[in-house]
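A.B. asks: Build the 3D model from these lines:
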Amino acid sequence: MRGEFPSLKIIDAKKSNTFQTLEEVCFIANLNSFGIEKHVTILVPANTVTDLASIPRFMPMRMHKNRIASPAIIHDMLYTKEGKEKHPDLTRKMADRIFLHAMLCNDVAKLRANLYYIAVRAFGWIGYGNPQRN
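C.D. replies: Residues are numbered from 1 along each chain as shown. Below is the predicted model of the structure:
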């Protein structure tokens, strides 16, 4: 994922700030920091709908062009009901740590990555487990 930006199509930024991936996004997560010696491949298929980290209306237009987009897409998928069914062994905390790790792997500045991580830890429970948006 490092340095690569997903192709995104804006579905309706004025009404719902949603985007659709035009290609699949993949990330291999190392779970060693959780005391689990394994890697998990997280694959988000093309045409997946995302809101790119549930951020305020004025930011998504810029976000799809920066390094946080791919990690946000992966994190959004892990938070959905579908993502939880595909990866039942991943807890919300693990999903948030994978988001942090993906941002750092994608050259997001440490301070910015940690701010996003703190935000999802504090407020992520609101959207955790929701069905995939269509």
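
A.B. asks: Neighbours of Tyr79, how many?
C.D. replies: 25 (other Cβ atoms under 10 Å). Placement of C-beta: from N, CA and C, glycine included.

A.B. asks: OK, contacts around it?
C.D. replies: Residues near Tyr79 by Cβ atoms under 8 Å, 6 or more residues apart in numbering: 92, 95, 124, 127-130.

A.B. asks: For the chain, just list every one of the strands.
C.D. replies: Taking DSSP state E as the criterion, the chain carries its strands at 8-12, 18-21, 25-30, 39-44, 49-50.

A.B. asks: Please work out which of the ones you listed is packed deepest.
C.D. replies: strand 49-50 (a mean of 22; mean count of other Cβ atoms under 10 Å).

A.B. asks: before we move on, the earlier item: the strands of the chain: lowest mean pLDDT?
C.D. replies: Mean pLDDT values for the strands of the chain show the minimum at strand 8-12, a mean of 54.
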